[in-house]
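Engineer: Sequence below, structure please.
(2 chains, ligands or ions: 2)
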2 protein chains.
Amino acid sequence: LLLCWAGGCAGIPDPRLRDLLIQQEASRQTGGAVLLTDTEQRLSAQLHELKLQEIARPEFPPAMHFFKARALIQRSPIFSLLQKMPKGAALHVHSSSMVGVDWLVKNVTYRPHCYICFTAARSVRFLFSAQQPRTQPHCSPWLLLETLRSKMNTTDLDNSLIQNLTLFTGDPETAYPSQDSVWSKFEETFNVASGLVSHAPVFKDYFYQGLQQFYTDNVMYLELRAALSQTYELDGSTHDRAWSLKAYQDVARKFVTEQPDFLGARIIFSVHRGLNSSEVRVAVEEAMRLQKEFPEVMAGFDLVGREDSGRPLWYFREALSLPSERGVTLPYFFHAGETDWEDTDVNENLLDALLFNTTRIGHGFALARHPLAKDLSRKRGVAVEVCPISNQVLKLVSDLRNHPAAVLMSEGHPLVVSSDDPATFGATGLSHDFYEAFVGIGGMNAHLGTLKELAINSIRYSSLSPQLKDKALTLWQRKWDKFISENSQ
Amino acid sequence: LLLCWAGGCAGIPDPRLRDLLIQQEASRQTGGAVLLTDTEQRLSAQLHELKLQEIARPEFPPAMHFFKARALIQRSPIFSLLQKMPKGAALHVHSSSMVGVDWLVKNVTYRPHCYICFTAARSVRFLFSAQQPRTQPHCSPWLLLETLRSKMNTTDLDNSLIQNLTLFTGDPETAYPSQDSVWSKFEETFNVASGLVSHAPVFKDYFYQGLQQFYTDNVMYLELRAALSQTYELDGSTHDRAWSLKAYQDVARKFVTEQPDFLGARIIFSVHRGLNSSEVRVAVEEAMRLQKEFPEVMAGFDLVGREDSGRPLWYFREALSLPSERGVTLPYFFHAGETDWEDTDVNENLLDALLFNTTRIGHGFALARHPLAKDLSRKRGVAVEVCPISNQVLKLVSDLRNHPAAVLMSEGHPLVVSSDDPATFGATGLSHDFYEAFVGIGGMNAHLGTLKELAINSIRYSSLSPQLKDKALTLWQRKWDKFISENSQ
Ligand SMILES: [Zn+2]
Ligand SMILES: [Zn+2]
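Structural biologist: Ligands and ions are numbered 1, 2, ... in the order given. Below is the predicted model:
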């Protein structure tokens, strides 16, 4: 650049130079170098107009808490377009929060042999059992839901069960004044759901229903974080992790047979970062065995749970280096930097995830503040899984225009958008999170090229084999072209 | 770097390599390369301990609205240290908000000949006049404050006057639900103050008092944005801009004579970005004349007011290129990127400020999302004036840990910390903003070296001549050494 304006020349800065600089900056952002066809450009212009209308309204959804914004978002024509848009893959979703909680209550809890008990903390537990189960500590005696429903207003009961399974509420600021309170309720929702979803027949149905919901939302492939916890039968007998993994594989295959334009799902076996090092060692060893036994469905390993109160990756370094010591490949997909604290031990999780050759980074909320880790992540093509609604609901950021992924997006950092725990947050599939990423994080800079790159990224940075990526991209492109021709005016 | 960990080697990543990477990243941040003496290192360790205590408390001030956090901050031992710390210069302060509003009410409005009128919008106007002044449109007839005070509870009256002069309130979320509402009240506070501070004798006293308050807060030099509006005498006669500039110069010289360890103040003549291009042209021409006539006190030119609703810099391009066309030096100090909207016209303000050779960038809130402008700003040593409390109160960000300056700080971007409109926000000098920058934006990463670099930056990036910078640095170093020896344990 010959910087005439660096002090040497008089007068108005050259408008052509100015335009060039503006273009150069725009070309750096996610989707900034994507070439759009004429039809795509028309749709992009429509989206731009729609965004201007969105901004002109008194309430701007990405600046509001998602629980208050959801109804507005669902009336937005941008959201309707994003629902129809083929979004590629959902790469950061937890297996127990795939399916809207309505389905759990309205379908699963109405099945025979479903028992409920009530905890002192006004929560509940569920259990399927052929006989009256033994009372659990800290819970009331088990009641058959069928009996309970015959005695009371089922609408009230069902609504209260729904409340126990989700964070969604009309007044989130009062309900969750702090990160501690929202995390505590967040983890409780999974305890509530576990008695339902770990019942073996429900486990399969739930997963099938989850695939269906994502498929309906125009998502074509999933990578699920799953604990692979024990599942159980009506007689109390249990199945191990291999059973769960096999069940995922069978159900995914069945779904793909029925919907050949869907590519299935792979599982990232995930254990809680509250475990100690020997427990994680056992888990890593099991992960290696599962990886060998189920290469089709098993994608790799992760540690989950709140980073700020869990153990840092470095604490688990011996367990995490077992695979490379044994010459075994176990891809990692670490949650890291899901925090707004700087430079606690936990904040080295970003660097450590990279040192342990993570395939992607879950959240990476703190990455923009870690320039060295950020450079490494970019150079090594380690994509960040951005989950806007999750970060807002779990109180890392309130106005999503301030989400640090705005920095990453402006630099064209490898990114994918995902929904983390959509059911718990009251979202569906990926569309709500795409809305927040496109309208809030991306702001007026984000255009159709951004969406296109985000969708392609979700395939490019998936754990699929090169052959399957090609197949996925071809399939996605066909859907995309159809979407463009049907929606561009 | 020989990247053993890039996949080639087995086992735990080399802990020495890991430490090296952590150190490399830490050295990039603001203050990361500052060498600390043993005594400084001890104080830095004390600060680290104090921060850990601050974090362990149930309420973390930088995550709260400043109006709710202020009492907590003022009880913090970190704040006490920051008050005592020689902070260098305050480079982004508006002249009408230098002095705590208590002084305006308790001192200025008690002076003789002070009239008040009441607007329909429950606000007030003030005027000093020898005779009963003519009633203004949209205001009640003028009442002599002395008469009014004799008839009512003066405590209530004074408290209500204070409320009219500041945004500070116990319940900011309810009082200011939107950016529009907070900006509207913000601009109104300046309308209220103007009748007081533009009375010629008050004008000088106000400035003297302002220097005193910053001096007491251990600030040694100021650069003030000032509109240089007409001042008036009791008989209604008025003075022009040159009079105001001369008054600033005289008062600053007087103050420096009394306090030889203070270095005075310089003025950045600032007009409102709501003006049209020919009005700004007139202002730029006057700025050039003033610059020539008062080189000691006149620092340069700026455009102020809310960017989102004002005109972009590019709109004023002809006026702004007058100086370079005429071969005249008129340094610019543009407010730019004080917005959370991306890529509206206004967002090119950052680039345009750089194209017009701005000396510093006011706020630059959006800079982290503009990688090209950010690179230019860094390469050309154009410092960003970060005003944390202002950005929070004016609703750009709620949790200051998410302030985008955290990104800039992690990269060692040229930065200074300032307080914008301390009186309006209920802050004093620079200490409250330093607290937010050090504890909130800097987080656990920021240490004594960060504070040292921020203080030195405020001199390095000031508009002082090289000779005066040397003098200022020598003086500052003496104060700093004293501060360290008195406070390190
Ligand atoms: Zn997650
Ligand atoms: Zn300002």
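
Engineer: Any idea how far apart the tips of stretch A:255-262 sit?
Structural biologist: Taking C-alpha to C-alpha, to the nearest Å, the first and last residues of stretch A:255-262 lie 8 Å apart.

Engineer: tell me the mean pLDDT for that stretch?
Structural biologist: Averaging the model's pLDDT scores along stretch A:255-262 yields 97.

Engineer: again with stretch A:324-338
Structural biologist: So the average pLDDT for stretch A:324-338 ends up being 93.

Engineer: quick one: is that stretch near chain B?
Structural biologist: Yes: in terms of C-beta under 8 Å from any C-beta of the partner chain, part of stretch A:324-338 sits within range of chain B, namely A:S324, A:E325, A:G327. For every residue, glycine as well, the C-beta is placed using N, CA and C.

Engineer: where do the helices sit along the stretch 101-250 of chain A?
Structural biologist: For the stretch 101-250 of chain A, the helices defined by DSSP state H, counting those that start in this stretch occupy A:101-106, A:145-151, A:154-165, A:172-175, A:179-197, A:200-216, A:241-258.

Engineer: Pull out the buried members of the residues of stretch A:324-338 next to chain B.
Structural biologist: In the residues of stretch A:324-338 next to chain B, burial by neighbour count holds for A:S324, counting by 16 or more other C-beta atoms under 10 Å in any protein chain shown.

Engineer: so, if you compare the residues of stretch A:324-338 next to chain B, which one comes nearest to A:P61?
Structural biologist: For A:P61, the closest of those turns out to be A:S324, at 44.7 Å, with distances computed as C-beta to C-beta.

Engineer: what about the closest one, helix or strand, and which?
Structural biologist: Secondary-structure element containing A:S324, defined by DSSP states H and E: helix A:322-325.

Engineer: got the contact list for that helix?
Structural biologist: With C-beta atoms under 8 Å, 6 or more residues apart in numbering or on different chains as the test, helix A:322-325 has contacts from A:R281, A:V284, A:E285, A:M288, A:V328, A:T329, A:L330, A:N357, B:C9, B:A10, B:G11.

Engineer: Any chance of JSON lines for the helices of the stretch 101-250 of chain A, columns distance to chain B and mean neighbour count?
Structural biologist: What follows is the helices of the stretch 101-250 of chain A, written out as JSON lines (distance: least, C-beta to the nearest C-beta, whole Å; neighbours: other C-beta atoms under 10 Å in any protein chain shown):
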{"stretch": "helix A:101-106", "distance to chain B": "29", "mean neighbour count": "18"}
{"stretch": "helix A:145-151", "distance to chain B": "39", "mean neighbour count": "13"}
{"stretch": "helix A:154-165", "distance to chain B": "26", "mean neighbour count": "16"}
{"stretch": "helix A:172-175", "distance to chain B": "9", "mean neighbour count": "13"}
{"stretch": "helix A:179-197", "distance to chain B": "9", "mean neighbour count": "18"}
{"stretch": "helix A:200-216", "distance to chain B": "29", "mean neighbour count": "20"}
{"stretch": "helix A:241-258", "distance to chain B": "26", "mean neighbour count": "17"}
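
Engineer: ok so, going back, and the contacts of helix A:322-325, which of them are buried?
Structural biologist: For the contacts of helix A:322-325, buried by 16+ other C-beta under 10 Å: A:R281, A:V284, A:E285, A:M288, A:L330, A:N357.

Engineer: Which residues belonging to the helix or strand the second one falls within are considered buried?
Structural biologist: To tie it back to what came earlier, the one meant is A:V284. The secondary structure element spanning A:V284 is helix A:277-293 (assigned by DSSP H and E). Neighbour-count burial for helix A:277-293, with 16+ other C-beta under 10 Å as criterion, is recorded at A:V280, A:R281, A:A283, A:V284, A:E285, A:E286, A:A287, A:M288, A:L290, A:Q291.

Engineer: Would you mind pulling up the elements that the following helix or strand past it packs against?
Structural biologist: Sequence-wise, the next helix or strand beyond helix A:277-293 is strand A:298-304, with elements assigned using DSSP H and E. When contacts are defined as 3 or more C-beta pairs under 8 Å, 6 or more residues apart in numbering or on different chains; DSSP states H and E, strand A:298-304 packs onto strand A:221-226, strand A:265-272, helix A:277-293, strand A:333-336.
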